[in-house]
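Participant: Sharing a sequence plus its predicted fold:
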Amino acid sequence: MSEAATLGIAAAVALGVWLVVLGVLAVATRARDPHAAPATMDLPGDESPAVVNLITNDWAVGKAAVPATLIDLAARKVVSFDRVGPEQYAVRVPNRPPAELAPYEAQVYEHVRGLASGGVVPCEALTTGPEDESTKWWKQFRKAVSADARQRGLSRNRWAPAHLVTLGIVAAAPAGLSAAAFAALPSSSKDDNSGGWIFAGLVVWAVLMAVPRHLRAERDTPAGLATAGKWFGLRTQLAGDDNFAQQPPTAIAIWDRLLSYGAAMGVAPGAVRPLPMGAESETQAWTAYGGRWRLVRVHYPSRVPPGWGRSAPSAIGLGLLWVVPAVFLAYVTRDLRGIVYLAIVAVGLLAFAYGASLLWSGVSDIGRRRTVEGQVLRRKEIVSNSNSGKSTTAVFLAVYGGNGNEVRALRCTPQVASGVRAGELVRATVSPHLAHVYVVERLAPMVSIHTGS
């Protein structure tokens, strides 16, 4: 075996060690679940609705924090809501400076004031601009809320300096070995400047160290857990009132700040729905199906697991299209050596594993059925275009059975999912491994689904 290949394998092993260390630290630093206090109608503290959203939403600022903040500003008489028609509302911004506001509250206020004409803006016009501009606006809001929560001692950065130092030291091994492997390639000139390979190693190290930043940045503190538990007690009380869930934004005249906190904790969808400020989410939804309120994360599988939603014959055929070329590639390249051969083998093994998984799932599903019964949390349609110019539509139905906090959406044809809407109770007949949907039966009319963050 060549020196480059040996170094490449060593780099891969070192990378595996780094991933193990990252996984251990990720598990050790994940946010803990608070214990809910007894149900109550009293406000447990003076935290803002946005901060309450963070500590009751698995320590992540959810999009519902934005409309909840606007509702809270109305409850505090900074702005006001007017009903202008059936299910239509407007925000009125008084011609006077607001009281002292937190930075993220001032951000929401300035956004509304900037959209107002004559001191009034229709609620349907409250969007935060084009995608790039909206992303920047949301990032600023989220950082400000997190800063407030940290200042109050309710949350902290997930990664302590000791964690980052540990990851940095362990990441030096795969980075250095990768640079050495590139330098040892036969095509590399011995007269090449070693600075180029050092730079390559630094790039690998920087890429690895960027990974933790993409994991959730906030985690709990002891004070945060205790405070969140108290707010969960309020949420339990509000969630038990079906009438509260349907209250519009103007209901602050009756509910005062309770409405804003209910919006922040996902139990006041009637107040949030008319305020299109990023509260709607395709990937999260609050639901009481199963006996208690919980936030459910929705996944829409595409490549993983392999063949999700396909029929057994389709999966078998596609599996053969992956396995046969992979075996052929391994055969025709059997005489190659060095790092190029290792790369080809790696690609071939991945293709073979993917195809073998499709084959196993397809064969296992032949003639077998199971039922999935629950509430449709989300309905999402995805249109894809083929090389021939034809477009196909897939309908994803997130059918939640009442257990756990995550659900994989079922992939259906438009015909199978015809007439099914979010909030309905359904029974789907699917294959056990690929979850190919044969039929969806509607069991009950649409019921309330709460917008996620």
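Facilitator: In hand now; what should we look at?
Participant: so what's the nearest residue to L126 once chain neighbours are set aside up against?
Facilitator: Setting aside the residues directly before and after it, L126 is nearest to M277 in space (Cβ to Cβ, 6 or more residues apart in numbering), at 5.2 Å. Backbone N, C-alpha and C define where each C-beta goes, glycine included. Going by Cβ atoms under 8 Å, 6 or more residues apart in numbering, M277 touches 63, 66-67, 70, 108, 126-128.
Participant: do that again at 6 Å, thanks
Facilitator: 66-67, 126 (Cβ atoms under 6 Å, 6 or more residues apart in numbering).
Participant: Give me the distance between it and V165.
Facilitator: Distance, M277 to V165, using Cβ to Cβ, to the nearest Å: 39 Å.
Participant: you'd agree the residue nearest to L126 is in a strand?
Facilitator: No: M277 sits outside any strand when classified using DSSP: H, G, I helix; E, B strand; the rest coil, being coil.
Participant: Report the spatially closest residue to Q246, excluding sequence-adjacent ones.
Facilitator: Per Cβ to Cβ, 6+ apart, closest to Q246 is G270, 4.2 Å.
Participant: Before we go further, the one you found is sitting in a helix, right?
Facilitator: Yes: assessed with three-state DSSP, G270 lies in a helix.
Participant: and R411, how far is that from T429?
Facilitator: The gap separating R411 from T429 is 14 Å, by Cβ to Cβ.
Participant: Of the contacts of M277, just say which sits nearest to P301.
Facilitator: Comparing the contacts of M277 against P301 with Cβ to Cβ places V66 closest, at 29.1 Å.
Participant: where does that closest one land in three-state SS?
Facilitator: Per three-state DSSP, V66 ends up helix.
Participant: Skipping adjacent residues, who's closest to it in space?
Facilitator: Distances taken as Cβ to Cβ, 6+ apart put M277 closest to V66, at 4.3 Å, once the chain neighbours are dropped.
Participant: Do you know the pLDDT at the one you found?
Facilitator: pLDDT recorded at M277 is 79.
Participant: now the one 5 residues further on
Facilitator: Per-residue confidence for E282 comes out at a pLDDT of 74.
Participant: Can you name the next helix or strand after the helix ranked longest in the chain?
Facilitator: Assignment by DSSP state H gives helix 338-365 as the longest helix of the chain. Downstream of helix 338-365, the first helix or strand assigned by DSSP states H and E is strand 370-385.
Participant: Starting from that following strand, tell me which strands it pairs with and how they run.
Facilitator: Strand 370-385 has the following sheet partners, assigned by DSSP bridges: strand 391-400 (antiparallel), strand 425-430 (antiparallel).
Participant: So which of those is nearest W159?
Facilitator: Closest to W159 of the strands paired with strand 370-385, according to Cβ to Cβ: strand 391-400, at 31.4 Å.
Participant: The closest one: how far from the chain's middle?
Facilitator: How far strand 391-400 lies from its chain's middle: 18 Å, per Cα atoms, centre = their mean, to the nearest Å.
Participant: Show me the contact partners of that strand.
Facilitator: With Cβ under 6 Å, 6+ apart as the criterion, strand 391-400 contacts 296, 298, 300, 372, 374-385, 407, 409-412, 414, 417, 428.
Participant: Which members of these are classed as buried?
Facilitator: With neighbours counted using 16 or more other Cβ atoms under 10 Å, the contacts of strand 391-400 contain these buried positions: 296, 298, 300, 372, 374-379, 407, 409-412, 417, 428.
Participant: check contacts around the residue nearest to the spatial centre of the chain.
Facilitator: For the chain, the residue nearest the mean C-alpha position is T283 (5.8 Å; Cα atoms, centre = their mean). Residues near T283 by Cβ under 6 Å, 6+ apart: V298.
Participant: do you know how far it is from T227?
Facilitator: 26 Å.
Participant: before we move on, back to that, worst mean pLDDT among the strands paired with strand 370-385?
Facilitator: strand 391-400 (a mean of 88).
Participant: which is the next helix or strand following that one?
Facilitator: The element immediately downstream of strand 391-400 (helix or strand, assigned by DSSP H and E) is strand 406-408.
Participant: What is that following strand packed up against?
Facilitator: strand 294-299 (3 or more Cβ pairs under 6 Å, 6 or more residues apart in numbering; DSSP states H and E).
Participant: report the angle between the axes of the strand it packs on and strand 391-400?
Facilitator: Per axes from the mean of the first three to the mean of the last three Cα atoms, to 10 degrees, the angle that strand 294-299 makes with strand 391-400 is 150 degrees.
Participant: list the helices and strands strand 294-299 packs on?
Facilitator: If contacts are counted by 3+ Cβ pairs under 6 Å, 6+ apart, strand 294-299 sits against strand 284-287, strand 406-408.
Participant: Pick the most deeply packed of those.
Facilitator: Ranked by mean neighbour count, the helices and strands packed on strand 294-299 are led by strand 284-287 with a mean of 25 (mean count of other Cβ atoms under 10 Å).
Participant: And that strand, how far out from the chain middle?
Facilitator: Centroid separation for strand 284-287 versus its chain: 12 Å, with Cα atoms, centre = their mean.
Participant: Stretch 110-122 too?
Facilitator: 31 Å.
Participant: Where does the nearest residue to A356 once chain neighbours are set aside sit: helix, strand or coil?
Facilitator: Leaving aside its sequence neighbours, A356 sits nearest to V323 (Cβ to Cβ, 6+ apart; 6.1 Å). Here V323 is recorded as helix under three-state DSSP.
Participant: now the helices for this structure?
Facilitator: With DSSP H as the criterion, the chain has helices spanning 3-28, 49-55, 65-75, 103-115, 131-151, 161-183, 194-210, 222-239, 242-245, 252-255, 257-264, 269-272, 312-332, 338-365.
Participant: what about G153, neighbour count?
Facilitator: 12 (other Cβ atoms under 10 Å).
Participant: Can you get me the start-to-end distance on stretch 384-393?
Facilitator: Length of stretch 384-393, first residue to last, Cα to Cα, to the nearest Å: 6 Å.
Participant: was I right about the residue nearest to A356 contacting Y354?
Facilitator: No: V323 lies out of contact with Y354 (Cβ atoms under 6 Å); the separation is 8.7 Å.
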